[in-house]
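# just coords:
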């Protein structure tokens, strides 16, 4: 189970692995690496995915420049892997942006 402090300690670009695919998605969504770092620094873990492969991961809700950002990430051997980041869709999330709406 991840704690937000583990991610905050690694929330600098030199400790992060971001795939080319993720970078492309960030650009499409108007999210910068600095936004991801700030969202982690201000955020909290809202979901845990212990069975994700190749490493367990979690979903973090944080803020950058007053916009909410969800960051899905994992940690292995002192490196943070950013799986994706996106602006949460209010049609899928409750007003707190931390609770999924029931289908």
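Good, I have the coordinates. Predicted, not measured: the structure shown is a model, and the values here were computed from it.

# for this structure, where's the lowest mean pLDDT among helices and strands?
Least confident helix or strand of the chain, by mean pLDDT, DSSP states H and E, is helix 20-29 with a mean of 93.

# And that one, what's buried?
Counting neighbours by 16 or more other CB atoms under 10 Å, one finds that the buried residues in helix 20-29 are 22, 26. Where C-beta positions appear, they are placed from N, C-alpha and C, glycine not excepted.

# The next helix or strand after that helix vs helix 20-29, what angle?
Scanning forward in sequence from helix 20-29 by DSSP states H and E, the next helix or strand is helix 33-42. Taking axes from the mean of the first three to the mean of the last three CA atoms, to 10 degrees, one finds helix 33-42 and helix 20-29 inclined to each other by 90 degrees.

# gap between helix 33-42 and the chain center?
Relative to its parent chain, helix 33-42 has a centroid offset of 8 Å by CA atoms, centre = their mean, to the nearest Å.

# ditto for stretch 14-34
Average the C-alpha atoms of stretch 14-34, do the same for its chain, and the two points are 11 Å apart (CA atoms, centre = their mean).

# quick one: contacts of it?
Surrounding stretch 14-34, the residues in contact under the criterion CB atoms under 8 Å, 6 or more residues apart in numbering are 10, 13, 36-37, 64, 69, 78-87.

# Next: stretch 57-71.
Counting by CB under 8 Å, 6+ apart, stretch 57-71 makes contact with 2, 4, 7, 31, 34-36, 38-49, 72-74, 81-88, 97-98, all of which sit outside it.

# Narrow these to just the buried residues.
Buried positions within the contacts of stretch 57-71, assessed by neighbour count (16+ other CB under 10 Å), are 2, 4, 7, 31, 35-36, 38-40, 42-43, 45-46, 72-74, 81-85, 88, 97-98.

# Assign residue 81 to helix, strand or coil.
Recorded secondary structure, residue 81: strand (DSSP: H, G, I helix; E, B strand; the rest coil).

# which stretches of the protein form strands?
16-18, 44-49, 57-64, 67-76, 79-86 (DSSP state E).
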